[in-house]
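Enquirer: please work out how this folds:
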Amino acid sequence: MSITHQYIAKFWQENNIFSKSIEQNKDKPTFNFYDGPPFMTGLPHYGHILAGLIKDSVLRFAHDSGHNVPRHSGSDTHGLPIEFEIEKDLGIKTTEQVLTYGLSNYNEACRSIVMRYATEWEDQMGKLGRWIDFKNDYKTMTKEFMNSTWWVFKQLFDKGRVYEGVRIMPYSTTCGTPLSNFETQQNYQEVQDDSLYLTLQLVNQFDGFKVSVMVWTTTPWTLPANCALCVNSAIEYVLVKNDTEYYILANKMLSSVFKATSNIQILSTFTGDKLIGLKYQPAFTYNTIQPANPDKLYSIMADPYVSDDSGTGIVHLAPSYGDDDYRVCLQNGLITKETKLFQPLDTNGFVNSDIPNLKGMFYKNFKDKSSQDLNTYVVMELKKLGNYYDKRQITHNYPFCWRSDTPLIYRAVSSWFVKVEDMRDKLTTLNKQINWVPKSVGQSRFDAWLGSARDWGVSRSRFWGTPIPIWRNIADESDVICVGSSYELEELAGLAPGSIKDLHRHFVDDIEIHRNNKVYRRINEILDCWFESGSMPYGSIGLIGIVELLRNSDTGIEINNQGNPIIRTRDGQIHHILPADFIAEGLDQTRGW
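Expert: Predicted coordinates:
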């Protein structure tokens, strides 16, 4: 930093030049700017500096062209990046260890590191000459911002845009939480996996023979949760005799499965639709699922996703642990969206009490082979039961957790969702009104993403974040109360006004609501920190956020002449909320959203 730069920076600071510039234009039209906040667990890097200079240049131009340009800084202070740092420091690896350490201790440890570099950030931005308001900044962990996030959630809930459901999601057993599809794409690795061939006998004879179907899977550990098999109705299958045994598999994979075909006798050829509805004997009987249609349990279904370019053309379906598995079982009426699925793994990938004799066994050891895992146990049991045929290794790309660098699994996750799919057309229409620079990003990649966007799972089974403000009737799971702020919670719970000082889990989880002789307790999940990012326009108004503004306003939210929401407070101040006039973000944000 040159002597001249040092002098200018010192002059600006000592004479409050930035504050005076804001005061100078306070009565002029507002130029609405949203600053995508960084995590302050590390120092600024090149990407932050480049984006900061771009933002500062545009905002200075807006000021000089006659606009009031509020420039509130912000900090993302929740989420896995913070928890991951703390768990490394504390040597914590599982949810059980977090609870043993204590939720209060854990969350306060997270709080202690989130702003560790705040002073350095302010100093670096000052040296770069970027004008931004650190004194009236917003932090996602403050009561005011979390109140605003609760308010946004309740607005969606009251409009019928929030629901509880199940989705198969990529899941980190180390972090104990599902990941977004964007996070899943961050860390694919080439790995070797078990490729297992097993046989399952049909209940009734097929063409006059006692026949077994040849099934292929790369996840043997999911077999205890098996509910059905799946073929492709258009694929050509064969009934073959191998010595004294009879098997059904895809014709195209015959030589691959049996390798030497000289001892194989093909008895008949047919398409997969002939197999639909046939019942088979499962290898394991742990499954306690209560199917919507019992006749569909342990039967053969068909779906185009099954191919005959690998395996056997017949796959097993475990609706708890596969997206296609869940979809096919749902479409065929074996389960409904309300069906309680059989999930024998806990949040960190260990067998739970659903399989008592295996409780505590990890699902698959990828590096440490010193202890038995569920994957190996299943293979050994299949050999004992006579269902094992062969095991081979395959090499393929597989997603790993971008934080812990451990393999992900796909599992059914009970989640709270925000409806998106029914408004795709509106989203793409509104997107066309945005002036994207470069246009190709917004009008091709992002537009295509919006056009196929799925309902957004916003709940996470974690600890350091904004709690989902849902209180559930302990006697009736369908009876819930959505709370819109700490002040509303105080009223509902009969607490003194202003007595709730913090909205993190260790402050609100024990608060009960008693109404009409019913007891309501908060659900355990927190909100995905991306939901907080989406709530930023409502929570980033200086140090107060929208809830505090509305408490000091007679009119609430107004719609101005341009059709945009504003808040007019009692003292006459006008706060613009949406839309933003300018946002500058990295390309990764368009992929993430």
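Enquirer: wait, a strand at T269?
Expert: Yes. Under DSSP: H, G, I helix; E, B strand; the rest coil, T269 sits within a strand.
Enquirer: was I right to think it contacts I235?
Expert: No. Applying C-beta atoms under 8 Å as the test, T269 and I235 come out as separate, 11.1 Å apart. (C-beta placed from N, C-alpha, C; glycine too.)
Enquirer: and S404, how many neighbours does it have?
Expert: For S404, the tally of surrounding residues (other C-beta atoms under 10 Å) stands at 18.
Enquirer: okay but it is in contact with F84, surely?
Expert: Yes. S404 lies in contact with F84 (C-beta under 8 Å); the separation is 7.2 Å.
Enquirer: where do the contact lists of those two overlap?
Expert: Common contacts of S404 and F84, defined by C-beta atoms under 8 Å, 6 or more residues apart in numbering, comprise C175.
Enquirer: mind checking the end-to-end distance for stretch 237-255?
Expert: 13 Å (C-alpha to C-alpha, to the nearest Å).
Enquirer: the nearest residue to I289 once chain neighbours are set aside: what's it in contact with?
Expert: Ranked by C-beta to C-beta, 6 or more residues apart in numbering and with sequence neighbours excluded, the top spatial neighbour of I289 is F342, at 4.5 Å. Taking C-beta under 8 Å, 6+ apart, we find F342 in contact with 224-225, 227, 286-289, 320, 354.
Enquirer: which pair in these spans the largest distance?
Expert: C227 and D354 (14.3 Å; C-beta to C-beta).
Enquirer: quick one: which of the contacts of F342 is nearest to E23?
Expert: S320 (59.8 Å).
Enquirer: distance check, the closest one against E512.
Expert: Going from S320 to E512 by C-beta to C-beta, to the nearest Å gives 32 Å.
Enquirer: neighbour count winner among these two?
Expert: Neighbour count, other C-beta under 10 Å: between S320 and E512, S320 has more, with 26 against 14.
Enquirer: could you export stretch 98-118 as CSV, CA atoms only?
Expert: Only the C-alpha atoms of stretch 98-118 are listed here, as CSV (Å, rounded to 0.1, in the frame of the first residue of the first chain):
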residue,chain,number,x,y,z
VAL,A,98,-22.5,-33.5,19.7
LEU,A,99,-25.4,-34.2,22.1
THR,A,100,-23.0,-35.7,24.6
TYR,A,101,-20.8,-32.6,24.4
GLY,A,102,-24.0,-30.5,24.9
LEU,A,103,-26.0,-28.5,22.4
SER,A,104,-25.4,-25.3,24.3
ASN,A,105,-21.7,-25.9,24.5
TYR,A,106,-21.5,-26.8,20.8
ASN,A,107,-23.5,-23.8,19.6
GLU,A,108,-21.6,-21.3,21.7
ALA,A,109,-18.4,-22.8,20.4
CYS,A,110,-19.7,-22.1,16.9
ARG,A,111,-20.6,-18.6,17.8
SER,A,112,-17.1,-18.0,19.1
ILE,A,113,-15.4,-18.5,15.7
VAL,A,114,-17.8,-17.0,13.2
MET,A,115,-16.4,-13.5,13.4
ARG,A,116,-12.8,-14.3,14.2
TYR,A,117,-11.6,-12.3,11.2
ALA,A,118,-14.2,-9.5,11.2
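Enquirer: residues in contact with it?
Expert: 39-43, 75, 77, 82-83, 85-87, 89-90, 92, 134, 139, 141, 463-464, 504-506, 509.
Enquirer: with neighbour numbers in mind, choose between T269 and I235.
Expert: I235 (21 against 11).
Enquirer: quick one: the strands in the stretch 201-350 of the chain, in order.
Expert: Secondary structure of the stretch 201-350 of the chain (DSSP state E, counting those that start in this stretch): strands at 212-217, 228-231, 236-242, 245-250, 264-271, 300-302, 315-317.
Enquirer: including distance to Q24 and mean pLDDT, could these go into JSON lines?
Expert: Formatted as JSON lines, the strands of the stretch 201-350 of the chain follow (distance: least, C-beta to C-beta, whole Å; pLDDT from 0 to 100):
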{"stretch": "strand 212-217", "distance to Q24": "69", "mean pLDDT": "97"}
{"stretch": "strand 228-231", "distance to Q24": "69", "mean pLDDT": "98"}
{"stretch": "strand 236-242", "distance to Q24": "79", "mean pLDDT": "96"}
{"stretch": "strand 245-250", "distance to Q24": "75", "mean pLDDT": "96"}
{"stretch": "strand 264-271", "distance to Q24": "78", "mean pLDDT": "95"}
{"stretch": "strand 300-302", "distance to Q24": "70", "mean pLDDT": "98"}
{"stretch": "strand 315-317", "distance to Q24": "67", "mean pLDDT": "97"}
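Enquirer: tell me how far I264 lies from V240.
Expert: Taken as C-beta to C-beta, the span from I264 to V240 is 5 Å.
Enquirer: right, I mislabeled it, should have said V480
Expert: 55 Å.
Enquirer: more neighbours, these two?
Expert: A count of neighbours by other C-beta under 10 Å puts V240 above the other of V480 and V240, at 24 against 15.
Enquirer: please give me every residue in contact with Y538.
Expert: Y538 neighbours (C-beta under 8 Å, 6+ apart): 148-149, 151-152, 545-546, 577.
Enquirer: tell me which element the nearest residue to it once chain neighbours are set aside is part of?
Expert: In space, not counting the residues next to it along the chain, Y538 is nearest to I546; the distance is 4.1 Å by C-beta to C-beta, 6+ apart. Assigned by DSSP states H and E, I546 belongs to helix 545-551.
Enquirer: next: H48.
Expert: Assigned by DSSP H and E, H48 belongs to helix 46-64.
Enquirer: list the helices and strands that helix packs on?
Expert: Counting contacts by 3 or more C-beta pairs under 8 Å, 6 or more residues apart in numbering; DSSP states H and E, helix 46-64 packs against helix 118-128.
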